[in-house]
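Colleague: How does the following fold in three dimensions:
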Amino acid sequence: MANHKSSIKRIRQTATRCLRNRYGAKTMRNAVKKLRATENKKEAEELYPKVCSMLDKLAKNNVIHKNKAGNLKSKLAKHVNALA
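Modeller: All right, here's what the predicted structure looks like:
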């Protein structure tokens with residue numbers, strides 16, 4: 001265990017951030033799965049902007065890479081447009 005006050009604080013901060021990042025990434029994965037499973041075009045079109053916004057926020061905060069966010073948005077857009 002760390003002895004310095006600053007080290008102890010750093011461990012606390014890291015644990016908090018790790019938990020927040022893990023929650024955001026898991027929520028994003030679930031949202032992407034839900035959108036991919038959607039067969040109704042109207043429902044998918046309502047869900048798509050929310051998922052894109054979530055991806056952008058996570059990329060901005062370096063939880064996921066910006067290219068990964070772009071790739072996911074592109075693939076999801078193709079899926080939504082392909083729905084009848």
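Colleague: I'd like the next helix or strand past the one helix or strand Cys18 maps to.
Modeller: Using DSSP states H and E, Cys18 falls within helix 5-37. Per DSSP H and E, the first helix or strand lying C-terminal to helix 5-37 is helix 41-60.
Colleague: In that next one, which residues are buried?
Modeller: Buried residues in helix 41-60, defined by neighbour count with 16 or more other C-beta atoms under 10 Å: 44, 47-48, 51-52, 54-55, 58-59. Any C-beta I mention is one placed from the backbone N, CA and C, and that applies to glycine too.
Colleague: on that earlier part again, could you pull up the mean pLDDT of the helix holding Cys18?
Modeller: Averaged across helix 5-37, pLDDT comes to 97.
Colleague: same thing with stretch 60-77?
Modeller: Mean predicted confidence for stretch 60-77 is 97.
Colleague: Give the burial count for Met1, as a bare number.
Modeller: Met1 sits with 5 neighbouring residues when counted by other C-beta atoms under 10 Å.
Colleague: same deal with Lys75?
Modeller: Quick note: Lys75 (other C-beta under 10 Å) scores 12 neighbours.
Colleague: From Leu19, how far out is it?
Modeller: According to C-beta to C-beta, to the nearest Å, Lys75 stands 28 Å off from Leu19.
Colleague: Lys78 in helix, strand or coil?
Modeller: Here Lys78 is recorded as helix under DSSP: H, G, I helix; E, B strand; the rest coil.
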